[in-house]
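A.B. asks: I need the structure of the sequence given here:
(chains A and B)
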Amino acid sequence: AQTVTQSQPEMSVQEAETVTLSCTYDTSESDYYLFWYKQPPSRQMILVIRQEAYKQQNATENRFSVNFQKAAKSFSLKISDSQLGDAAMYFCAYRILNRDDKIIFGKGTRLHILP
Amino acid sequence: KAGVTQTPRYLIKTRGQQVTLSCSPISGHRSVSWYQQTPGQGLQFLFEYFSETQRNKGNFPGRFSGRQFSNSRSEMNVSTLELGDSALYLCASSYSGTEAGGELFFGEGSRLTVL
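C.D. replies: Numbering: from 1, shown residues only, chains lettered A, B, ... in the order given. Next comes the predicted model:
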C-alpha cells in the first residue's frame, strides 16, 4: 500500500533559524511526484514545492528546499530563515507519474515559529 | 483566474440529516477531488471526478457520494449524518491526472459540524 509518513506531529523553530520537516513514503513505483503543501491557520492549502522522482537534483523555491533520497524513500523539507508567516500545517504528499491516481497525503506537521 | 470555490463555507447539521457541498474548480480544470480533514486523521481522500466520471474512490461508506457536472462543477453529498462526519471538507481541482505536474489547487473548504 502507498503510504506517506510524517513522524513529527509538531515542531517549533526560532524566527530566522532553519528547520527541517521529515517525510518518508512507501511505494513500489519508480516514477512519481512528491509535494509539500502548506496550510496556514484558517487559510487555503497551497503548494510549497514539488519534486519529480526521476530528477536527481533537489528542488528549491526561495527559502524552501528539499532533500530527496530516492533509495531511502525520504523527502524532507528545509525552511531557511524562518518567518512568522511560515507558521502552518505542512503536508507531504505523493502521486504516481502518468497514472490517474489520487494524491496520498501524510498526516501533517504543525510548525510553530517563535518570535 | 478565479480559484477553487467551495460553498457553503460553514454549516451545522444534526444527526440523521443530509448535506450537499458544492465545488467550482478553476476554469479549464476537469479533475475535482474531495478530501475530509480531521485533527486525528489528517487528510483522507474521498473521491475524484474527471469529465463527469468517478475515477478514484477512497475508503468511505456509501453515505458519502458525489457527482460532477458537464461544466466540471462538483457536488458531494453525505446522507444520514453522524457525529464523526464533523470535519473540514476540502475540494481540489487540477487539469487532469498528472498534467501540469500533478499539482492540486485547493478551495478554502466547507466546515461541517454535526450536532
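
A.B. asks: so what's the nearest residue in space to B:Thr38 that is not next to it in sequence up against?
C.D. replies: For B:Thr38, ignoring the flanking residues on the chain, the nearest one in space by CB to CB, 6 or more residues apart in numbering or on different chains is B:Ala87 at 4.7 Å. Every C-beta, even on glycine, is put in place using the N, C-alpha and C of the backbone. Taking CB atoms under 8 Å, 6 or more residues apart in numbering or on different chains, we find B:Ala87 in contact with B:36-38, B:111-112.

A.B. asks: which PyMOL command selects the buried ones in those residues?
C.D. replies: Buried residues among those (16 or more other CB atoms under 10 Å in any protein chain shown), as a PyMOL selection:
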select buried, chain B and resi 36+37+111+112
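
A.B. asks: output the contacts of B:Ala87 as CSV; include the columns pLDDT and secondary structure.
C.D. replies: Shown next, in CSV, are the contacts of B:Ala87 (pLDDT from 0 to 100; DSSP: H, G, I helix; E, B strand; the rest coil):
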residue, pLDDT, secondary structure
B:Gln36, 96, strand
B:Gln37, 94, strand
B:Thr38, 91, strand
B:Arg111, 96, strand
B:Leu112, 97, strand
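
A.B. asks: need phi/psi at the residue nearest to B:Thr38.
C.D. replies: phi -180, psi 170 (degrees, to the nearest 10).

A.B. asks: from the contacts of B:Ala87, which is closest to chain A?
C.D. replies: B:Gln37 (8.6 Å; CB to the nearest CB).

A.B. asks: find the helix or strand that the closest residue to the closest one other than its chain neighbours is a member of.
C.D. replies: With CB to CB, 6+ apart as the measure, B:Leu88 is the residue that lies nearest to B:Gln37, at 4.4 Å, once sequence neighbours are left out. According to DSSP states H and E, B:Leu88 maps onto strand B:87-94.

A.B. asks: and the residue nearest to B:Thr38, what's its pLDDT?
C.D. replies: The confidence metric pLDDT takes the value 97 at B:Ala87.

A.B. asks: and the helices in chain B?
C.D. replies: With DSSP state H as the definition, chain B shows no helices.

A.B. asks: and it, which residues reach chain A?
C.D. replies: Residues of chain B lying close to chain A (CB under 8 Å from any CB of the partner chain) are B:3, B:33, B:35, B:41-43, B:45, B:48, B:50, B:55-56, B:58, B:90, B:92, B:96-98, B:101-104, B:106-108.
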